[in-house]
Every structure is written in structure tokens, then in C-alpha cells.
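[1] Predicted model, plus sequence, below.
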Amino acid sequence: MDAHEQPDSPSEGEARPPQSPAQGAFPPGAAATTPHAPLRVALPPLRVALPPLRVALPPLRVALALHTDGLAADHLDLFIGPDQATDPDARIARSYRLPLEARAGDSIRVGSHDAMELEPHRAEYLALAGPRELSDGRGRVEPVFSARARGEIAANRFDLAVDHADGPLRLRGARGQDGRWTVEAHRHDGAGTRRT
């Protein structure tokens with residue numbers, strides 16, 4: 001036996017050194033990996049296209065009121081909230097101040113209007129039956145219209161289809177980067193065609 005060769009089996013009485021599972025699997029001088037070395041495989045990133053999340057909202061109510069003789073100049077108040085509020089005093093009606101020019105009879109004039117977001121108002125403003133005097137010299141509120149609506153509401157925008165007595169009305173509102181709101185009103189015929 002050559003000096004560099006090792007016997008295939010230990011001599012009698014000679015203990016064989018323990019071998020790892022990788023030993024003996026590679027020719028002499030070849031690199032062996034340990035059983036605990038991580039296997040690294042480059043995979044392409046997983047891309048899954050999900051549809052946008054849409055939450056079905058319960059029926060909504062939209063109301064427009066004329067606010068006069070108050071602390072601020074005369075204006076319109078637009079209210080958006082649940083159609084069937086259980087507590088009329090709950091402050092759940094999202095509220096926006098619109099200029100008087102945004103009114104067209106008993107509706108909102110078609111077009112784009114500057115708006116200012118107000119603090120939430122009480123749910124009773126969504127269904128005012130008639131004019132109401134406000135306390136503390138805040139003026140008088142007179143309902144212009146109140147109608148059921150459906151659509152989407154988020155913190156910085158809303159998109160509503162309003163069942164107005166004069167026909168379908170589309171209201172869209174959005175807060176700009178400067179914090180100011182714009183409310184757009186559009187009329188649609190029964191087929192969904194936009195009218196100006």
C-alpha cells in the first residue's frame with residue numbers, strides 16, 4: 001500500500017473516525033458541503049395582480065340646505081351620511097360648505113364648485129322636513145333637497161349616484177393637495193349618458 005493511500009477498512013482493533021453524510025461522496029480534494037449549509041436559489045419576485053378593494057356601503061343620504069343669516073356669509077351646506085340614522089343627534093353627517101351659486105332650483109348646479117369641509121353635523125340635517133332656526137345666532141337652515149344615494153366614500157374623496165327627484169345626479173368630491181375641496185355635479189339620463 002502506498003503511503004498516501006488509506007485502507008478501505010480499518011485494521012482490526014482500529015476505530016474508524018466518524019464521517020459526515022457528505023464525506024465519501026466527493027473525490028479527494030473536492031469541496032464538500034456540510035448538511036447545514038443553506039441552499040440559495042434566486043427566484044423572480046412574485047407578482048400577483050389583485051382587483052381593487054371595494055366595500056359595499058349601506059344606502060346613503062345626500063341633503064342640500066340653504067344656510068342664511070349666520071356667522072358666515074350665506075351659503076349652501078351639503079350633507080352626506082347613512083340613509084337610516086338611528087340617532088338623529090349623532091354627529092355622522094359629513095358636511096361641506098358650497099357657494100350660493102352652486103344651487104340650481106332644488107338641486108346642485110351642474111359643474112365644478114369650490115367647497116370647504118366642515119365638522120361632522122348631526123344626522124337630523126340629512127332629513128330636515130322644513131326650515132329651522134339655529135341657536136346661538138348661527139342663522140337659519142332651509143332644506144333644498146334630500147335624496148337616497150349609493151357610492152364610495154373615502155377620507156379624501158367621494159363618488160355618489162344620487163336618486164334626485166329631477167333624475168339621476170352624480171356627485172364627486174375630492175380634496176386637493178392644498179386641502180381645498182372641489183365638488184362636481186353631473187346629470188345622467190337613464191342610459192348613463194352624461195348631460196351638461
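    Received it, and whenever you're ready, just let me know what you need. Residues are numbered from 1 along each chain as shown.
[2] okay, CA-based contacts and neighbour counts for the rest of this
    Fine.
[3] what are the phi and psi angles of the residue nearest the centre of the chain?
    Nearest to the mean C-alpha position of the chain, by CA atoms, centre = their mean, lies Ala154 at 4.8 Å. When read as degrees, to the nearest 10, the backbone of Ala154 gives phi -130, psi 180.
[4] per-residue confidence for it?
    With respect to pLDDT, Ala154 has a value of 91.
[5] Which strand residues bridge it?
    Beta-bridge pairing for Ala154 (DSSP bridges): Arg157.
[6] Next: Leu169.
    Going by DSSP bridges, Leu169 forms beta bridges with Val162, Arg187.
[7] for it, what are its contacts?
    Residues in contact with Leu169 (CA atoms under 8 Å, 6 or more residues apart in numbering) are Ala161, Val162, Asp163, Ala185, His186, Arg187, His188.
[8] in the chain, which spans are strands?
    Assigned by DSSP state E, the strands in the chain fall at 60-68, 75-82, 91-98, 103-104, 107-108, 111-122, 132-133, 140-154, 157-164, 167-175, 181-188, 194-195.
[9] can I get those strands in JSON lines with distance to Val48?
    Below are those laid out as JSON lines (distance: least, CA to CA, whole Å):
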{"stretch": "strand 60-68", "distance to Val48": "34"}
{"stretch": "strand 75-82", "distance to Val48": "35"}
{"stretch": "strand 91-98", "distance to Val48": "36"}
{"stretch": "strand 103-104", "distance to Val48": "46"}
{"stretch": "strand 107-108", "distance to Val48": "42"}
{"stretch": "strand 111-122", "distance to Val48": "37"}
{"stretch": "strand 132-133", "distance to Val48": "54"}
{"stretch": "strand 140-154", "distance to Val48": "25"}
{"stretch": "strand 157-164", "distance to Val48": "27"}
{"stretch": "strand 167-175", "distance to Val48": "29"}
{"stretch": "strand 181-188", "distance to Val48": "34"}
{"stretch": "strand 194-195", "distance to Val48": "35"}
